[in-house]
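Engineer: no FASTA, just this:
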């Protein structure tokens, strides 16, 4: 039988290999090694403390998520929470906030937006009470809470938290940052979903100017925001302003080689609708033909979407007009809107220290 120090060293080796495989996206190998390490600890009671056990469960859950084993991931996350309940260490607030945030994303991916929001609110509370001296963590927690509230259709809650995130950027003198521009688009999208198109339009305008300064007039995100501005102008009867936005959007698409045919077809269609409203039927027909030619090159899914929009005379919703890193677009009947950003960048693998001081698991 192995001695306890030998077992501990073996567990350390398993975890080291698991982390390496996880970093290399070799999920099957990482899962197997984490499972073996957990089995070792569970069969040698007292070898692993609650904190290390919780972190192991969290990291195994992350690997399961990458393998589309959502139920097993949820079980591991909940086991990790149970381990943390055995502790009363305020220094673990960061771990707990990350764990609640990871669970929130798990429920979000399932489409359970209400539970995702509830879990994210707990992450936010932990952050505000214990980690307020880290403005970047406060910003991220507020932003995520706003995003999940948006998808849960709690729009006033979404606005409150998105604005709180914006205030953090203001306090840190980061209002000229890329994060600020993307956050403004999220706020605008929330106003629009709340049936406040004029408020959305004003914020889209500010965001467009900022994005243009940051990324240039041919940036695809900038073009998407211009398209959305145009659709809102069209909705509230400002066809000339809509036409200006759509033309600038088209210019950006023409000068950016990364533009796809779907985006080109969409703006051609939107220009045609706008030109018809301004009485320029001749040029409108040119754009309609251009959209039809591109339509033939699109996938069946995009083709059906464009046909529906053409029949209704509406602007075209599009998943291509999302903030970089988003997972779900906002679908409107008259425009394509960047959705609130829901990046997984901050889903946290927790470091794995051991309870003794002689071995450091600083992964």
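Structural biologist: On my side now, so go ahead. Everything quoted here is computed from the prediction, not taken from an experiment.

Engineer: residue 183: neighbouring residues, count only.
Structural biologist: Using other Cβ atoms under 10 Å, residue 183 is surrounded by 28 other residues. No exception for glycine: its C-beta is placed from N, CA and C like everyone else's.

Engineer: my guess is residue 60 contacts residue 36. True?
Structural biologist: No. Here residue 60 does not reach residue 36: they are 10.7 Å apart, not a contact under Cβ atoms under 8 Å.

Engineer: pick out whichever of those two has more residues nearby.
Structural biologist: A count of neighbours by other Cβ under 10 Å puts residue 60 above the other of residue 60 and residue 36, at 26 against 16.

Engineer: and the more buried one, what does it touch?
Structural biologist: Contacts for residue 60 (Cβ atoms under 8 Å, 6 or more residues apart in numbering) come out as 31, 34, 35, 38, 76.

Engineer: look up which helix or strand it falls in, please.
Structural biologist: helix 50-66 (DSSP states H and E).

Engineer: now the element after that helix, going C-ward?
Structural biologist: Counting by DSSP H and E, the element after helix 50-66 in chain order, helix or strand, is helix 70-84.

Engineer: mind listing what's buried in that next one?
Structural biologist: Buried residues in helix 70-84, counted by 16 or more other Cβ atoms under 10 Å: 73, 74, 76, 77, 79, 80, 81, 83, 84.

Engineer: out of these, who's nearest residue 290?
Structural biologist: Proximity of the buried residues of helix 70-84 to residue 290, judged by Cβ to Cβ, is greatest for residue 73, which lies at 46.2 Å.

Engineer: how near is the residue lying closest to that closest one once chain neighbours are set aside to residue 18?
Structural biologist: Nearest residue to residue 73 in three dimensions, chain neighbours excluded: residue 64, at 3.9 Å (Cβ to Cβ, 6 or more residues apart in numbering). Using Cβ to Cβ, to the nearest Å, one gets 13 Å for the distance from residue 64 to residue 18.

Engineer: likewise residue 289?
Structural biologist: 57 Å.

Engineer: those two: who's more crowded?
Structural biologist: Just comparing residue 289 and residue 18: by other Cβ under 10 Å the higher neighbour count belongs to residue 18, 26 against 12.

Engineer: please identify the buried residues of the host helix or strand of that one?
Structural biologist: With secondary structure defined by DSSP H and E, residue 18 is part of helix 4-23. By neighbour count on 16+ other Cβ under 10 Å, the buried set for helix 4-23 is 7, 8, 11, 12, 14, 15, 17, 18, 19, 21, 22.

Engineer: do stretch 118-136 as well
Structural biologist: For stretch 118-136, the neighbour count (16+ other Cβ under 10 Å) marks 118, 119, 120, 121, 122, 123, 124, 125, 126, 127, 130, 131 as buried.

Engineer: same question, stretch 198-206
Structural biologist: Using 16+ other Cβ under 10 Å as the test for burial, stretch 198-206 gives 199, 200, 201, 203, 204, 205.

Engineer: how about a markdown table for those, with distance to residue 238, secondary structure and pLDDT added?
Structural biologist: Formatted as a markdown table, those follow (distance: Cβ to Cβ, whole Å; DSSP: H, G, I helix; E, B strand; the rest coil; pLDDT from 0 to 100):
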| residue | distance to residue 238 | secondary structure | pLDDT |
| --- | --- | --- | --- |
| 199 | 15 | helix | 95 |
| 200 | 13 | helix | 93 |
| 201 | 9 | helix | 94 |
| 203 | 16 | helix | 94 |
| 204 | 13 | helix | 93 |
| 205 | 12 | helix | 93 |
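
Engineer: want to throw those into TSV with distance to residue 193?
Structural biologist: As requested, the buried residues of stretch 198-206 are exported to TSV (distance: Cβ to Cβ, whole Å):
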residue	distance to residue 193
199	11
200	9
201	14
203	13
204	13
205	18
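
Engineer: which of those sit farthest apart?
Structural biologist: 199 and 205 (11.1 Å).

Engineer: correct me if wrong: residue 102 contacts residue 58.
Structural biologist: Yes. Between residue 102 and residue 58 there is a contact at 6.7 Å, judged by Cβ under 8 Å.

Engineer: hang on, the earlier thing: filter the contacts of residue 60 down to the buried ones, ChimeraX style.
Structural biologist: The buried residues among these can be selected in ChimeraX (16+ other Cβ under 10 Å) with this line:
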select :31,34,38,76
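
Engineer: now, which of the contacts of residue 60 sits nearest residue 261?
Structural biologist: If you rank the contacts of residue 60 by distance to residue 261 using Cβ to Cβ, residue 31 comes first, at 39.6 Å.

Engineer: what pLDDT does the closest one get?
Structural biologist: Listed pLDDT for residue 31 reads 95.

Engineer: ditto for residue 261
Structural biologist: As predicted, residue 261 sits at a pLDDT of 86.

Engineer: ok, residue 8 next?
Structural biologist: 78.

Engineer: what does residue 92 give?
Structural biologist: Reading off the model, residue 92 has pLDDT 83.

Engineer: near it, how many other residues are there?
Structural biologist: Residue 92 has 19 neighbours, counted by other Cβ under 10 Å.

Engineer: right, I'll leave it there.
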